[in-house]
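Undergrad: generate a structure from the sequence data that follows.
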Amino acid sequence: MQIRNASIAAVLLCTAASPAWTAPPSPKAQACSPGNVLCVELTTDNDGRPSYAVHREGREVIAPSHLGMLFTDVPKFERNLAIAAQTRDSFDQTWEQPWGERREIRNHYNQLTVTLRERTGRKRDFDVVFRLHDDGIGFRYVFRSQPGLERLNIAEELTEFTLAEDATAWWIPAFEWNREEYLYHTTSLQQVGDAQTPITLRTGDGLHVSIHEAALVDYSGMNLTRVEGRKLKAALTPGSGTAAKVSVATPFATPWRTLQVATRAGDLVESSLILNLNEPNRLGDVSWVKPMKYVGVWWEMHMDLKTWGTGARHGATDANVRRHIDFAAEHGFGGVLVEGWNRGWDGDWFGNGEEFSFTESAGDFDLAALSGYARGKGVALIGHHETSGHAAHYESQLDAAFDLYRRVGVPAVKTGYVADAGQAKVRDADGGIVYAWHEGQAMANHHLKVVTEAAKRRISVNPHEPVKDTGLRRTYPNWVTREGARGMEFSAWGQPGNPPEHEANLVFTRLLAGPMDYTPGIFGMRTRSSGGIETTWAKQLALYVVIHSPLQMAADLLENYEKNPGPFQFIKDVPVDWETTRVLNGEIGDYVTIARRERGGDDWYLGSLTDEHARSFEVALSFLDEGRRYTAQVYRDGDDADYRGNREDIVIEQREVTGADTLTLRLAPGGGQAIRFVAH
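TA: This next block holds a predicted model:
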């Protein structure tokens, strides 16, 4: 970690040399962000109930909202509390991501720590810590070990988020069977039910607020329930086999509850709040974490052309995988994902994850030989561990499975937890198998165990049906991406697929949490779904820029790429690791345009996409380096392109541009545009 300039270094030295300032007891505590953009005030009422409120440049964003904690075995923290002390501190540092949407991130905040103590009785206490950045606020509960609080058995958080104004909300339901894989609702705030986070809200005059969490460690994921009016209340994911949703020893700090606040939708995307609230890299040298594009034995199963199970149509055969390796080597892809390679896919794998072996190959697949063959061509196999949600069974083989991958040279693994919500399987304290939720405490701990054990073998992890992303990729950089939303496969199946607005929703909701393995790049528009792929070819290309993932798949059948070398060229060219990112325009669920500069290079890439409505707008190229000329390689919707027909209508052209120019982007219904700016 390096200090980037003298002024930042001076702030750090000043902070380190000066003790934090502690205020005397008071009925209120206040602090503001470094630029006085966001301010928080914590107060207690006559009953001793603490609440906080948030203002942005004098405007109330979060009206007074209660704080507290409900336990299963001791009295709750909700009433009879007083502010016993408050401490303020500041921090300013620029740190470097080993990979990501931008190389350098500034972490500049003011911190307020408020000690709340019971006025009578045992005089137990706890802290509420606020970190105030100009782009958002994080706050968490911190518990010391003290008589009666040696262990926390948490029934529920009493944290509230009361919006000061009516707002439109974009959200997906919580506590439903299909985990995070739902289309986004667009409703008024007062129509929200049980919602997962991130939830994104926009007031009538365009103030944007995203509520989420950061650093989910040894705790249950937070959902939100609207209880009345504009009030949302924390609803922790249930525990497993116990009344407590969380059980931890003290001292302990909860995850951060986060509020990103912006006047422009794109500023939510450019915010680094979630990452900044996580701890720095714990793994040391992570040069072995390699962002890459990959192809795989995958889409053909979703199209019902091949099967995961063995038999005449088995996908993971030596011959089929060699074909994919040869294709990857020829076209410059770094990896080949292989699903269905191992024993356990035959029979009812969804209902019985105990049949999976993570070390034994199917009879027509030679892991060591294929990995060696790939390595000889400069390609790596990407492993696959489907668990059917049986985390306990997977953990029993985890060491052996990762040792095998390390031995044969598999540097990354896609894990899977296909099971209905609430039907994951974990071990309880007595060693028995109990059912758990995908985002409960047990599964949050399981995912972190997988990531840390993989790191010991220099293996990166890409979980599907995962625990939500809360920025832990900063602390564990081998946690490179994940699913956690409706991916492209929904458009392959025999049901309505993802509608044209879906990706424009994801950018301002799910993707605020972190990278997503969305698996774009489909050219075969006719699928098992009655609607097919409801995008144009140009939009499929734009997704490589718009949806950030350091593992980025070219998901279609190889023959569809071989038949269409023109548009395929953009997929071959586009990077997956970025120096910087700019959101040029966008509105939630409608459209978005994002420009990114490749890491370690001078070329820029632009992706723009829309919902079901055709759009035309001008984009200034001022993000390009001043004084340089670029060749803009444009992949745009043709004049007759439309997601309902003529999806393949694409125009590929080029022109010379500079940063002083403006381009007019015309997007077809369900369409998009992708541009590579090649620097001269």
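Undergrad: could you double-check that residue 463 sits in contact with residue 417?
TA: Yes - counting by C-beta atoms under 8 Å, residue 463 touches residue 417, with 7.1 Å between them. All C-beta spots, glycine's among them, are computed from the backbone N, C-alpha and C.
Undergrad: next up, the contacts around the most centrally placed residue in the chain.
TA: The residue lying closest to the centre of the chain (C-alpha atoms, centre = their mean) is residue 514, at 2.7 Å. Neighbour list for residue 514: 274, 469, 470, 471, 473, 481, 482 [criterion: C-beta atoms under 8 Å, 6 or more residues apart in numbering].
Undergrad: per-residue pLDDT, it?
TA: At residue 514, the model reports a pLDDT of 98.
Undergrad: low-confidence ranges in the protein?
TA: 1-26, 241-242 (pLDDT under 70).
Undergrad: other SSEs contacting the longest helix along it?
TA: For the chain, the helix with the greatest residue count under DSSP state H is helix 391-408. Applying 3 or more C-beta pairs under 8 Å, 6 or more residues apart in numbering; DSSP states H and E, we find helix 391-408 packed against helix 367-376, strand 380-386, strand 412-416, strand 424-427, helix 441-456.
Undergrad: change it to 7 Å
TA: Packing partners of helix 391-408 (3 or more C-beta pairs under 7 Å, 6 or more residues apart in numbering; DSSP states H and E): helix 367-376, strand 380-386, strand 424-427, helix 441-456.
Undergrad: ok, now how distant is residue 617 from residue 472?
TA: 36 Å (C-beta to C-beta, to the nearest Å).
Undergrad: of these two, give the one with the bigger neighbour count.
TA: residue 472 (25 against 15; other C-beta atoms under 10 Å).
Undergrad: of the helices and strands packed on helix 391-408, which stretch is the most buried?
TA: Mean neighbour count (mean count of other C-beta atoms under 10 Å) peaks for strand 380-386 among the helices and strands packed on helix 391-408, with a mean of 25.
Undergrad: partner strands of that strand, with direction?
TA: Pairing partners of strand 380-386, with direction, according to DSSP bridges: strand 335-338 (parallel), strand 412-416 (parallel).
Undergrad: hey, what's residue 91 bridged with?
TA: Going by DSSP bridges, residue 91 is paired in beta bridges with residue 109.
Undergrad: look up how far residue 106 lies from it.
TA: 11 Å.
Undergrad: cool, residue 324 as well?
TA: With C-beta to C-beta as the criterion, residue 324 and residue 106 are 41 Å apart.
Undergrad: the more surrounded of those two?
TA: residue 324 (25 against 14).
Undergrad: so who does the more buried one touch?
TA: If a contact means C-beta atoms under 7 Å, 6 or more residues apart in numbering, then residue 324 has 295, 296, 297, 336, 558 as its contacts.
Undergrad: how about the backbone phi and psi for the first one?
TA: Reported as degrees, to the nearest 10, the phi and psi values for residue 295 are phi -120, psi 180.
Undergrad: I figured it hits residue 326, correct?
TA: No - no contact is recorded between residue 295 and residue 326 when judged using C-beta atoms under 7 Å, the distance being 10.6 Å.
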